[in-house]
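Engineer: Provided below are the primary sequence and the corresponding predicted coordinates.
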Amino acid sequence: MRNPQGDYPQIDKSAYIDPTAVIIGKVSIGRHLFVGPGAVIRADEPGSSIIIKDNCNIQDRVIIHALENTSVLIEESVSLTHGCIIHGPCKISKRCFIGFGSVIFDSELDQDVVIKHLVVVDGVNIPAGRVVENGKVIRSEEDVKRLKYADKEIKDFVTKVVETNLDLTKRYKRLKTEGGVNDY
C-alpha cells in the first residue's frame with residue numbers, strides 16, 4: 001500500500017509475501033524473503049523508511065514500524081520470529097535472530113546477536129555474537145556488559161531457521177506459479 005506521502009513499497013520478485021501481510025510506504029524488500037501471515041511492515045510516518053535485505057524471514061504477526069524521520073535497517077539472513085516487534089529507529093545486522101514476542105526499540109544489534117523469546121531491548125547497542133536469554137530486559141550498558149556469547153548450538157539453530165525459511169520461500173513461490181497459492 002501507498003503511505004500518505006505517496007511512497008510505495010519496492011519488493012523483489014523473488015520474495016514471498018503472504019496475502020494477509022500488510023506492507024505500507026517506503027519499504028524495500030530484498031531477494032528471497034519470506035513474509036508470513038499477519039506481518040505488518042509500515043513506513044507511513046513522514047520521513048520514515050524500512051530496508052530489509054536478502055534472505056530474511058519475517059514470520060507470522062511480526063510488526064516492523066519506523067517513527068517519523070527514522071529508519072529501520074535489517075541486514076541479510078535475519079530471522080524475525082513469530083510476534084516480535086522491531087520499532088525504529090533500529091538496526092539489525094547480519095544473521096541476527098529475534099525470538100517470539102521480543103521487542104527491539106531504538107537499538108542496534110551487531111552481527112550474529114541472538115535475542116531469545118519475550119525479551120525487551122530498549123535504547124542500547126548490543127555487540128556482535130551476544131545472546132540475550134528468555135525474558136530479559138536490556139536497557140543499559142550495564143545490562144549489555146553482562147551478556148554472554150552465543151555458543152555453537154545456538155548459532156547452528158539460527159542457521160537452520162534461515163535455511164528452513166529460504167526453502168519455504170522457494171516452495172511458496174513454486175506454488176504460486178502452479179496456481180496453488182494467492183500471492184502478490
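Structural biologist: Received, thanks. Small disclaimer: the values here were computed from a predicted structure and weren't measured.
Engineer: Pro37 is in contact with Thr20, correct?
Structural biologist: Yes. Shown here, Thr20 and Pro37 form a contact pair, counting by CB atoms under 8 Å, at 4.8 Å. For the C-beta atoms, the positions are set from N, CA and C on the backbone; glycine is no exception.
Engineer: confidence score at the closest residue to Ala21 other than its chain neighbours?
Structural biologist: Nearest non-adjacent residue to Ala21, counting by CB to CB, 6 or more residues apart in numbering: Ala39, 4.3 Å away. At Ala39, the model reports a pLDDT of 98.
Engineer: Point out where this protein drops to low pLDDT.
Structural biologist: The model of the chain has pLDDT under 70 over residues 180-184.
Engineer: Can you pull up the most central residue in it?
Structural biologist: Among the residues of the chain, the one closest to the centroid is Leu80, at 4.1 Å (CA atoms, centre = their mean).
Engineer: Next, the contact list for the residue nearest to Ala21, please.
Structural biologist: Asp18, Ala21, Val22, Ile58, Gln59, Asp60, Arg61, Val62, Ile63, Ile64 (CB atoms under 8 Å, 6 or more residues apart in numbering).
Engineer: Please list all residues in contact with the third one.
Structural biologist: With contact taken as CB under 8 Å, 6+ apart, Val22 is in contact with Met1, Ala39, Val40, Ile41, Arg42.
Engineer: didn't the first one look like it was pressed against Ala21?
Structural biologist: No. With contacts defined as CB under 8 Å, Met1 does not count as touching Ala21, sitting 10.9 Å away.
Engineer: Those two: which has the busier surroundings?
Structural biologist: Ala21 (19 against 12; other CB atoms under 10 Å).
Engineer: my read is Val161 is in a strand, agree?
Structural biologist: No. Val161: not assigned to a strand; according to DSSP: H, G, I helix; E, B strand; the rest coil it is helix.
Engineer: Would you check how far apart it and Asp7 are?
Structural biologist: From Val161 across to Asp7, the span is 31 Å (CB to CB, to the nearest Å).
Engineer: Can you pull the phi/psi pair for Thr169?
Structural biologist: Here is the backbone geometry of Thr169 (degrees, to the nearest 10): phi -60, psi -50.
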